[in-house]
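>>> Generate a structure from the sequence data that follows.
(4 chains)
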Number of protein chains: 4
Amino acid sequence: MEKLFFASDYMEGAHPKILDKLIETNLLKTPGYGTDAFCESARAKIRVACDAPNAEVYFLPGGTQTNAMIINYLLRPYQGVIAAVTGHIEGHEAGAIENGGHKIFCVPEHNGKLTAEDVEKTAKKYYEDDNRDHMVMPGMVYISQPTESGTLYSLSELESISAVCKAYDLYLYADGARLAYALSCPSNDVTLPDMARLCDVFYIGGTKCGALLGEGVVIPKPGIIPHFFTLMKQHGALMAKGRVMGIQFDTLFTDDLYFEIGRSAVGLADKIRQKLQEKGLELCYGSPTNQVFVRLTDAMRAKLEEKVTVSFWEKPDDSHTVIRLATSWATTTQNVEKLLEIIDQL
Amino acid sequence: MEKLFFASDYMEGAHPKILDKLIETNLLKTPGYGTDAFCESARAKIRVACDAPNAEVYFLPGGTQTNAMIINYLLRPYQGVIAAVTGHIEGHEAGAIENGGHKIFCVPEHNGKLTAEDVEKTAKKYYEDDNRDHMVMPGMVYISQPTESGTLYSLSELESISAVCKAYDLYLYADGARLAYALSCPSNDVTLPDMARLCDVFYIGGTKCGALLGEGVVIPKPGIIPHFFTLMKQHGALMAKGRVMGIQFDTLFTDDLYFEIGRSAVGLADKIRQKLQEKGLELCYGSPTNQVFVRLTDAMRAKLEEKVTVSFWEKPDDSHTVIRLATSWATTTQNVEKLLEIIDQL
Amino acid sequence: MEKLFFASDYMEGAHPKILDKLIETNLLKTPGYGTDAFCESARAKIRVACDAPNAEVYFLPGGTQTNAMIINYLLRPYQGVIAAVTGHIEGHEAGAIENGGHKIFCVPEHNGKLTAEDVEKTAKKYYEDDNRDHMVMPGMVYISQPTESGTLYSLSELESISAVCKAYDLYLYADGARLAYALSCPSNDVTLPDMARLCDVFYIGGTKCGALLGEGVVIPKPGIIPHFFTLMKQHGALMAKGRVMGIQFDTLFTDDLYFEIGRSAVGLADKIRQKLQEKGLELCYGSPTNQVFVRLTDAMRAKLEEKVTVSFWEKPDDSHTVIRLATSWATTTQNVEKLLEIIDQL
Amino acid sequence: MEKLFFASDYMEGAHPKILDKLIETNLLKTPGYGTDAFCESARAKIRVACDAPNAEVYFLPGGTQTNAMIINYLLRPYQGVIAAVTGHIEGHEAGAIENGGHKIFCVPEHNGKLTAEDVEKTAKKYYEDDNRDHMVMPGMVYISQPTESGTLYSLSELESISAVCKAYDLYLYADGARLAYALSCPSNDVTLPDMARLCDVFYIGGTKCGALLGEGVVIPKPGIIPHFFTLMKQHGALMAKGRVMGIQFDTLFTDDLYFEIGRSAVGLADKIRQKLQEKGLELCYGSPTNQVFVRLTDAMRAKLEEKVTVSFWEKPDDSHTVIRLATSWATTTQNVEKLLEIIDQL
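Residues are numbered from 1 along each chain as shown, chains lettered A, B, ... in the order given. Down below sits the predicted model:
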């Protein structure tokens, strides 16, 4: 029997509707660099979805580049960014933020999330220090929605964080690499308009939500990063065939496809979670989105991995492992059924 | 009548064979970040085509990023790069090279090309200056093949430049954004193995040669940029779905497609050039590749632009304009015929 | 006979009055980092001398660092600086400006000076280019007063440059490494208040005008570089014993010492110039300040260098050399007399 | 009664012998940029003192700049530096290290020191992570001797750290801003030759050890940072009147002055420590060098500060404060006697 793949949500190409649109439009001639009609249409739809009629919207090829650019160009050289110690920028982007010149202030994580209290503590510590002029000034908060642990900030949590940010003159930036799975999660109460209202910048992830590549940066209040187009060019983020991303985002924001992709993946992840719990296995971090984290004995893990490709997450002790199972637009009900059977026999 | 488009070589999507392959492979599951089998296969084919069995090959999304990374990571902080004043890095990449910390030493251009003599002069000027320790050291030569003016370095020119580079300890780096059109040009005598033998690094352009996106960096002698994979991650050039580029380059280097794309586009450009010359119009720079540059009176230009989309190139005097007409894989014989008729009636 | 030294204006320690003050204050206890009473006093005196009561004044150890910081922190990452091709930042600061991420746009030099016309041409070229969003935006003009060739901008030239800067939204920054020799030059008509009125930032050179080290940055309109103190710390320009520079600048701006140093050096340089002209030798560039440039046959040069240490400047042809003779606070009338005799016998 | 000053060790000018030498040599003419005979003499003496005949020695104006340069130029862009969380580079240099592009890996501090075990743990964590190519590679260990808490690494500790560094290919760099007080401390067993043998780079602090300014960088194995002179120029660390630092270091390394300054200050600090302990007060961190840390009730602190200027260090609880008293070459026995009386009466 062929192995089942649940290791990640970006192991296939693109959602079929995206691919269809790429084929359909292939011979149309467009100007380059994101100035084409597909990009414009995608921008317009995203502005509507975010209820942010004046938002600037840009399409960048990848998440690390997006994070590096937004953080670098929102901050002044004497400022740093506050992030949970598990934040993607801290451990998994090869130092891209520091390479841009900025310190990351790590605060504790709670299932992947930081708290308004810890943000405030960090800001206060700076402002109460007589030597602060010799120190890096906190200038921004970085969060991800969902987090690296698959969890979600509630609207009330996001509002608290936003309030602290305003009080201490911190930008709030949200990494939405997997935003589709947040927006479509039954327990989620943060909408795109909420994101646009509470964040200074955020991005709508494409690569991990059904696109071949591409992340859609939303800057609700235009002008806070002047000449972003030129900065994209300078940073190598301006694609000559910008339409490739425009067509994809236009499709994702047509007929609710972005939300549909999220809904389907989260629904299947819920089925997996239910089965794991029925088996008495311990789910980790409390992820309600498309990433399922479960603690297995090493024996169980070995048995599972004979038939299923999963992601190693961490080793809480000598005899157990936390693994990740991820669903996506490409996950079929049929394969989930097979997985449930395999879990049953663990 | 619909307008004809000859403004550039990246106004459409991808060559149909590439699109077919993307569709065909869409549901196959692969690991991320360029570690998949398609990337491996593409690398293997490129190594063969370059006769460089040990070459490192990487796929990056765009040309500016590629140039910025290669130049930044080959050079030490006290070094700069020599380029023709018309070099793409000097005027059209929004300062990406300086943003990486390096000065560009401009030398004169001759139809877009620099000369071994001017490289030597620049290097000598540095080494003969008693104050050179207060100055930027030339550390690299940047050329493009074909150049921004569509012209080609001959093998003998390239060997001369390489010899000067070796004599003065300069890396030689070639930007091959449109390399397909060089390799397939009847008057070209520089092969991929020549490039691999004479350059320290070069890249095989995808975006402007039929791919949706992607540039294939070739480092013939492995190890000269240690940890390039991590540097790609840090610089935002490592795509999660690296397969998108692997599949495209694998296709481009299957059954000679890359060369076929070049051949077809240059053949059609030759027809356009022939017609322009028959009309007694002045071709500029001597480009033998897919970019046709022609000097028109402003009246002619206006008349042409009623029916054809072209690129403005420069204004040599008050009453004339140089425009560019570019062909690509997407240019049809039929449309070229129409263009020739339009030219006839200018 | 001992050799005479006219090679440069920074071959000795400090003006005796500065040294006296360092000795006198040596045991006084002060807080660090430029927050001491000497720095405050020096700042107050400079504000008065510049007729700029709200100016921010900072003391940095050296000129290259000052140039790099001011240019880097005034410009945004997508901007570059316009300078004469002979500007100190272009050829003699080891790429410090590019290391900070910024391109230098070189314009022609006329005896070391750039013109308002060339600045305007550079700015216009950018703003008239349809592709300017792919290009570096001119954001600043760098001049030096006196220039690297010892020449001076007249008030009317400075006002023209300033007007162009205002029209094209360019900062105007003046490098005053040798400002004392400009301010005290009989033919000069640009005062410190003029500098403060016309420049966004300029610096009053200490190292080459009698101090052991130190440059006094003047920012007439406060706040244009927020948190400059922290940026100094970050860039390694904040000295723990900031008083060392405060004491020196306080002394330089007491009883007109800064002007007196300039006057004395320029007066002696004038004597040298007069003698050279009497001998029928060709003075170069038209420097009226403390740097004397003269064109000698190589034979004359060899003869002169037997008895006098000079600086090589350039080689206009195979049989001639331009050399520099520089005076300073440490140049004695007695040594100038000896030099005049030597010149007589050339 | 005038207030006593024990707040820091850089509140005065220079040691009288240094000042004498500056006066004595003031009118001697020397070439610039550290190429003068005083710098050469100082270098030679430092090489002898370090038993490192081939060492490169450079003089830089300040410590932050020195740390930023050494770390930036030893590391490759994909590498970071390991430091104790209390390391000067982490909290007190305004982000200079990140500004140079590098992440700081913080490890726990033990009275200001890090341990070989924690270094190894950090390195191992990286090398055992399958995703390490997406992460920053540890490339260096930063320590200070004495530490920010005044404590000393023993020879055996330093050898352990060095061994781990060699095992994991990490450079070892020591910040010796207050090295004089380490070298002259009775409990110290790490000599300058030990430093030169075990560290890849270290610096001999001048500013906080009796000089007006200046830090002496020692690179025992020459060539590991090629073109350091040019890098100094580029980074604004190359002083035109380099002799200012040469003269000072030449004096500090004549007749053991550097050690004598350390001895005297540590001896007086010991007297203060003895008195504090007699009073039953709690000394903190175990500093045996010129910095005395003591925990006082807030009432005591207020009483002490009526007569003595001290440094606030930290607030361990609501009613206590840790303060710092520092001695230097400028601390007189007489003033220490007065301080002891004041302590007696607390």
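
>>> what about stretch A:137-154, near chain D?
No. If you take Cβ under 8 Å from any Cβ of the partner chain as the test, stretch A:137-154 misses chain D, and the best it gets is 8.9 Å. In this view, the C-beta of every residue, glycine as well, is placed from N, C-alpha and C.

>>> Now do that stretch: distance from first to last residue.
Across its full length, stretch A:137-154 reaches 27 Å between end residues, using Cα to Cα, to the nearest Å.

>>> Can you name the residue of the stretch 151-300 of chain A nearest chain C?
A:T230 (4.4 Å; Cβ to the nearest Cβ).

>>> how near is A:A123 to chain C?
16 Å (Cβ to the nearest Cβ, to the nearest Å).

>>> A:I82 now?
18 Å.

>>> quick one, what contacts A:L183?
With contact set as Cβ atoms under 8 Å, 6 or more residues apart in numbering or on different chains, A:L183 has these partners: A:V190, A:T191, A:L192, A:Y258, A:F259, A:G262.

>>> quick revisit: so the residue of the stretch 151-300 of chain A closest to chain C touches C:Y78, yeah?
Yes. A:T230 is within contact range of C:Y78, at 4.4 Å (criterion: Cβ atoms under 8 Å).

>>> Neighbour count: the two, which is higher?
C:Y78 (25 against 22; other Cβ atoms under 10 Å in any protein chain shown).

>>> which residues does that one contact?
By Cβ under 8 Å, 6+ apart, the neighbours of C:Y78 are A:H227, A:T230, A:L231, A:Q234, B:A94, B:G95, C:V136, C:M137.

>>> can you do 10 Å?
For C:Y78, the contacting residues are A:73, A:226-231, A:233-234, B:94-95, B:99, C:101-103, C:133, C:135-137, C:139, taking Cβ atoms under 10 Å, 6 or more residues apart in numbering or on different chains as the criterion.

>>> re earlier: find the residues that touch each one of A:T230 and C:Y78.
B:A94, B:G95, C:D133, C:M135, C:V136, C:M137.

>>> In TSV: those, plus secondary structure and pLDDT.
TSV is the format used below for those (DSSP: H, G, I helix; E, B strand; the rest coil; pLDDT from 0 to 100):
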residue	secondary structure	pLDDT
B:A94	coil	97
B:G95	coil	97
C:D133	helix	97
C:M135	coil	98
C:V136	coil	98
C:M137	strand	98
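
>>> And these, which is closest to chain A?
Nearest to chain A among the shared contacts of A:T230 and C:Y78, counting by Cβ to the nearest Cβ, is B:A94 at 4.0 Å.

>>> Next, find the distance separating the closest residue to chain B within the stretch 101-250 of chain A from B:G100.
Nearest residue of the stretch 101-250 of chain A to chain B, counting by Cβ to the nearest Cβ: A:G236, 2.5 Å away. Noted for A:G236: a distance of 10 Å to B:G100, by Cβ to Cβ, to the nearest Å.

>>> Neighbour count for these two, which is higher?
Here A:G236 and B:G100 are compared on neighbour count by other Cβ under 10 Å; more neighbours surround A:G236, at 28 against 21.

>>> How about that one, nearest residue that isn't a chain neighbour?
Beyond its immediate neighbours in the sequence, the residue positioned closest to A:G236 (Cβ to Cβ, 6 or more residues apart in numbering or on different chains) is B:Q65, lying 2.5 Å away.

>>> mind showing which ranges of chain A have poor pLDDT?
With pLDDT under 70 as the threshold, chain A has low-confidence stretches at A:1.

>>> Can you name the residues that contact the residue lying farthest from the centre of it?
With Cα atoms, centre = their mean as the measure, chain A has its most outlying C-alpha, relative to the mean C-alpha position, at A:D130: 37.2 Å. By Cβ under 10 Å, 6+ apart, the contact set of A:D130 is D:F312.

>>> before we move on, back to that, please work out how many residues are found near the residue nearest to A:G236.
When counting by other Cβ under 10 Å, one arrives at 26 neighbours for B:Q65.

>>> Ok, A:V310 next?
The local packing count at A:V310 equals 22, with neighbours defined by other Cβ under 10 Å.

>>> Without its sequence neighbours, what residue ends up closest to it?
A:I323 (4.5 Å).

>>> isn't the one you found right up against A:T297?
No. Counting by Cβ atoms under 10 Å, A:I323 sits too far from A:T297 to count as a contact (11.3 Å).

>>> Which residues are in contact with the residue of the stretch 151-300 of chain A closest to chain C?
The neighbourhood of A:T230, defined by Cβ under 10 Å, 6+ apart, consists of A:238, B:94-95, C:76-79, C:132-137.

>>> And the strands in the stretch 1-150 of chain A?
A:4-5, A:56-60, A:79-84, A:104-107, A:137-144 (DSSP state E, counting those that start in this stretch).

>>> Mean neighbour count for those - can I get that in a markdown table?
Putting the strands of the stretch 1-150 of chain A into a markdown table (neighbours: other Cβ atoms under 10 Å in any protein chain shown) gives the following:
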| stretch | mean neighbour count |
| --- | --- |
| strand A:4-5 | 20 |
| strand A:56-60 | 25 |
| strand A:79-84 | 26 |
| strand A:104-107 | 20 |
| strand A:137-144 | 25 |
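
>>> so which of those comes closest to A:T327?
Shortest separation from A:T327 across those is recorded for strand A:4-5, at 10.5 Å, computed as Cβ to Cβ.

>>> Just checking the closest one against chain B, any contact.
Yes. Under the criterion of Cβ under 10 Å from any Cβ of the partner chain, chain B is reached by strand A:4-5 at A:L4, A:F5.

>>> among the contacts of A:L183, who's most crowded?
Each of those was scored by neighbour count (other Cβ under 10 Å); the top score is that of A:Y258, with 29 neighbours.

>>> That residue is in contact with A:G206, isn't it?
Yes. If you go by Cβ under 10 Å, A:Y258 and A:G206 touch, sitting 8.9 Å apart.

>>> Tell me how many other residues crowd A:K45.
Other residues within reach of A:K45, judged by other Cβ under 10 Å, total 18.

>>> Might you report the residue contacts of it?
A:V57, A:F249, A:D250, A:T251, A:L252, A:F253, A:T254, A:Y258.

>>> Can you pull the phi/psi pair for A:I342?
Backbone torsions for A:I342, taken as degrees, to the nearest 10, come to phi -60, psi -40.

>>> my guess is it meets A:L276, correct?
No. Applying Cβ under 10 Å as the test, A:I342 and A:L276 come out as separate, 11.4 Å apart.

>>> out of the contacts of A:T230, who has the most neighbours?
Each of these was scored for neighbours by other Cβ under 10 Å, and B:A94 scores highest at 29 neighbours.

>>> any idea how far that residue lies from B:E109?
20 Å.

>>> Could you pull up the contacting residues of A:I104?
Counting by Cβ under 10 Å, 6+ apart, A:I104 touches A:71, A:80-83, A:85, A:87, A:89-91, A:95, A:97-98, A:136, A:142, D:98, D:103-104.

>>> swap in A:E260?
With the criterion set at Cβ under 10 Å, 6+ apart, A:E260 makes contact with A:H15, A:K17, A:A180, A:S184, A:G210, A:L252, A:W329.
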